[in-house]
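Enquirer: pasting the structure only:
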């Protein structure tokens, strides 16, 4: 193996993440890399409400197709875009070390408490409603810079919520007309896999990547994705799970926010742990 082709979306954030993976693979494996830039259905349908249409696989399907056709060797994803159930024949090769998993409240400069928030995520909407009772919501789509302009320049709402990792990877520490306020994990539980860049490959080739990626991130995300797979949730479900150390932070629209201590056995058998936890919470 002397060269690897990486399938990626074309957005600035996706390309930044793909470049990070490419650099890691060049160093770890001593290979050349090439990016295969793909526009996904989710990118084409910029006006779709992901909640109403169902966002499951809209940002990953075309990249997976490139793997099946042999046009790419790996596909690079924001792990939070990956559905819980993966197409047969594909596997997670691994993850880069997870960046800051928190969400960031982005508000127009001078706004102390937002009365309107723009977000299409049920997870962010329901948790924001607990932080700011009475707040009204509207949809927002587009790349990170588009969303920042809609808040800071166009005033479509008092604020929105973005992922801290995405802002950092784009080198955005400030933006004209807005303020960034990171939210603690006990204020807003992140999406499954948030902050982790996931690398997908053909299942038959997964063993070749076994020692290439970050094991700590893989250990945590395996539990998060097991919970997601057990519930079968997509973009229409207000569900969140994040593992920090040995603590699971979980949010579900039926239970609210919960924390659960995890054992070594839970990490060794994530599917069994997910089933037990969800049954204890009355979600299975």
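Expert: Yep, that arrived. All values derive from a computational prediction rather than experimental measurement. Numbering: from 1, shown residues only.
Enquirer: beta-bridge partners for the closest residue to residue 183 other than its chain neighbours, please?
Expert: With Cβ to Cβ, 6 or more residues apart in numbering as the criterion, residue 183 has its nearest non-adjacent residue at 4.9 Å, and that residue is residue 103. Quick note: C-beta positions are derived from backbone N, CA and C, even for glycine. With DSSP bridges as the criterion, residue 103 is bridged to residue 163.
Enquirer: mind pulling up the pLDDT for residue 103?
Expert: Reported pLDDT at residue 103 in the predicted model: 98.
Enquirer: equivalent analysis for residue 43, please.
Expert: Per the predicted model, pLDDT is 75 at residue 43.
Enquirer: use 774 as the first number from now on
Expert: All set: I'll call the first residue 774, so the last point we hit is now residue 816.
Enquirer: what strand or helix carries it?
Expert: For residue 816, the element it lies in under DSSP states H and E is helix 814-817.
Enquirer: what are the buried residues along stretch 869-888?
Expert: 869, 871-881, 884, 887 (16 or more other Cβ atoms under 10 Å).
Enquirer: would you mark the buried spots in the strand or helix carrying residue 921?
Expert: Assigned by DSSP H and E, residue 921 belongs to helix 917-925. Neighbour-count burial for helix 917-925, counted by 16+ other Cβ under 10 Å, picks out 917, 920-925.
Enquirer: what does stretch 928-944 give?
Expert: In stretch 928-944, counting by 16+ other Cβ under 10 Å, buried: 930-940, 942-943.
Enquirer: got these as CSV, with pLDDT columns?
Expert: Converted to CSV, these look like this (pLDDT from 0 to 100):
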residue, pLDDT
930, 98
931, 98
932, 98
933, 98
934, 98
935, 98
936, 98
937, 98
938, 98
939, 97
940, 98
942, 97
943, 97
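Enquirer: of these, which belong to strands?
Expert: 932-936 (DSSP state E).
Enquirer: between the buried residues of helix 917-925, which is closest to residue 980?
Expert: residue 917 (35.3 Å; Cβ to Cβ).
Enquirer: surely the closest one is in contact with residue 785?
Expert: Yes - contact criterion Cβ atoms under 8 Å: residue 917 and residue 785 qualify, at 7.4 Å.
Enquirer: quick one: residue 1050 and residue 1033 touch, right?
Expert: Yes - using Cβ under 8 Å, residue 1050 is in contact with residue 1033, at 5.7 Å.
Enquirer: and the two? which has more neighbours close in?
Expert: residue 1050 (22 against 18; other Cβ atoms under 10 Å).
Enquirer: tell me the mean pLDDT over the host helix or strand of that one?
Expert: According to DSSP H and E, residue 1050 maps onto helix 1043-1053. For helix 1043-1053, mean pLDDT is 98.
Enquirer: got the contact list for that helix?
Expert: Residues from elsewhere that reach helix 1043-1053 (Cβ atoms under 8 Å, 6 or more residues apart in numbering): 995-996, 998-1000, 1002-1004, 1021, 1023, 1033, 1035, 1038-1040, 1057.
Enquirer: quick one, helices of the stretch 774-923 of the chain?
Expert: 785-802, 814-817, 823-826, 834-841, 895-904, 917-925 (DSSP state H, counting those that start in this stretch).
Enquirer: if anything else comes up later, I'll come back, but that's it for now.
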